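A.B. asks: Please find the sequence and the predicted model below.
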Protein chains: 2
Amino acid sequence: MGRNAHFDNEQFIDAALKIAAGQGPAAVTIAAVAGEIGAPVGSVYHRFLSRDVLMAEVWLRVAASFQDEFLSTLEKGEGIEAALHTPRWARQHSAEARILLLYRREELVAGSWPEEMKERALGISRRLDAGISKFAARTFGKAGREEINRTVFAIIDVPYAAVLRYIRQGKKPPRAVEDNITKTYNAIMRRMK
Amino acid sequence: MGRNAHFDNEQFIDAALKIAAGQGPAAVTIAAVAGEIGAPVGSVYHRFLSRDVLMAEVWLRVAASFQDEFLSTLEKGEGIEAALHTPRWARQHSAEARILLLYRREELVAGSWPEEMKERALGISRRLDAGISKFAARTFGKAGREEINRTVFAIIDVPYAAVLRYIRQGKKPPRAVEDNITKTYNAIMRRMK
DNA sequence: GACATATTAGAATATACATTCTAATAAAAG
DNA sequence: CTTTTATTAGAATGTATATTCTAATATGTC
């Protein structure tokens, strides 16, 4: 019952994602999102409680897109493959990469998240922490602060840094970043201090 | 002639810097800046053409604060000392570090810069590029794309990545980051590929 | 002491958006 | 073919700020 929908939730999220990746999160006005797909602004609010909720959906989608593959690689035990996931993923998903790597989460979602979404976001970060701990334990025999720090640095922070400069310029990361990431990984993750 | 000033330019820049470091650039409203030092909003505009100009002054000051020491260290020839400058500077200058490392330049200054300030900003980035090129040439015998990439990665990008996580949490980077930076520097900057 | 003016004071205005509201539509159900 | 209601449509409203404007105040100069 009721008339057929011209638009669906995904379209609005797609539009918001596209605008955020192209012109930054500040350009994601409700009017811009609606305009992107020829919808009236009312339809945005028919589907999303607020701009924050829409942007939170964008963030959750992007974060999951990165992390699902990352974690499954890490679980297979190859740390270096996980480290190299960042440049590979960034090449395949330029728009998503810009959003995840260029902007802070609070820049996308300024206010508070609805409880249910906060839970989803927390789940994502907990899953990441757990995956890293497990890998560190497997690699070093234990997962104390020192081991976690090294692991995070080698497979998250350094790949991020290696790629950021290119993402900023709207370019795909060149092959050379794999070299830098690999050398760093080897230097940091040796067994002995 | 004219009455004495209660406030001076520096005070407004200080106030803006403090607010930006503490609550992010979005919290730097003209009213907040004025309120911080008990000045009327009119006095802000008496001294600065616009919010963007005020924020540009903040950025220029912070960028110069980081870069002056960084470049003088680099000129002395010790690349590893330059790489370690980031965590050291961040510990000594928490507020400035938050501004430089946590926020993009366009987040501070959204619109366009006045010509004169654009020139100053360009000077800063050119001086950095030149310093890096010179160091790369001195270290590797030449400064082609490959050499520059490695150098930038080892002395800028990696130190930034090593420190970022702590800056985000409002903590000072622990000693361990020096370890990570040093190991990475050594791995990346060897002569042979 | 009267004048000129740099500066303080802060009220008034303008703008950009998020959000809300009211109405029009179209499809399904009976 | 009438009723119900999900959805489109987009105009109206409210809010937060940047910016502008008008006035009041001091201080050096004549």
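C.D. replies: Okay, I see it.
A.B. asks: Write out the residues of chain A neighbouring chain B.
C.D. replies: Counting by CB under 8 Å from any CB of the partner chain, chain A comes close to chain B at A:24, A:26, A:102, A:104, A:106-107, A:110, A:146, A:149-150, A:152-153, A:157-158, A:160-162, A:164-165, A:176, A:180, A:183-184, A:186-188. Where C-beta positions appear, they are placed from N, C-alpha and C, glycine not excepted.
A.B. asks: Return the backbone torsion pair for A:Pro114.
C.D. replies: The phi and psi values for A:Pro114, taken as degrees, to the nearest 10, are phi -60, psi 150.
A.B. asks: Any stretches of chain A with poor pLDDT?
C.D. replies: When residues are selected by pLDDT under 70, those of chain A lie in A:192-193.
A.B. asks: Quickly find the element holding A:Lys171.
C.D. replies: Following DSSP states H and E, one finds A:Lys171 outside all helices and strands.
A.B. asks: typo on my end, A:Arg191
C.D. replies: Assigned by DSSP H and E, A:Arg191 belongs to neither a helix nor a strand.
A.B. asks: okay, now it: neighbour count?
C.D. replies: Counted by other CB atoms under 10 Å in any protein chain shown, the residues lying close to A:Arg191 total 7.
A.B. asks: now A:Arg51
C.D. replies: By the other CB under 10 Å criterion, the neighbourhood of A:Arg51 contains 18 residues.
A.B. asks: centroid residue for chain A?
C.D. replies: By CA atoms, centre = their mean, chain A has its centre lying nearest to A:Ala63, at 3.3 Å.
A.B. asks: where do the helices sit along chain A?
C.D. replies: With helices called from DSSP state H, chain A shows them at A:9-23, A:30-36, A:41-47, A:51-75, A:79-92, A:94-102, A:105-108, A:115-140, A:145-152, A:158-168, A:176-189.
A.B. asks: for those helices, which one sits closest to DNA strand D?
C.D. replies: In terms of CB to the nearest atom of the strand, the element of the helices of chain A nearest to DNA strand D is helix A:41-47, at 2.4 Å.
A.B. asks: tell me the contacts of A:Ile30?
C.D. replies: Taking CB atoms under 8 Å, 6 or more residues apart in numbering or on different chains, we find A:Ile30 in contact with A:41, A:44-45, A:51.
A.B. asks: Spell out which parts of chain A neighbour DNA strand C.
C.D. replies: Taking CB under 7 Å from any atom of the strand as the contact definition, chain A meets DNA strand C at A:1-4, A:28-31, A:41-42, A:45, A:50-52.
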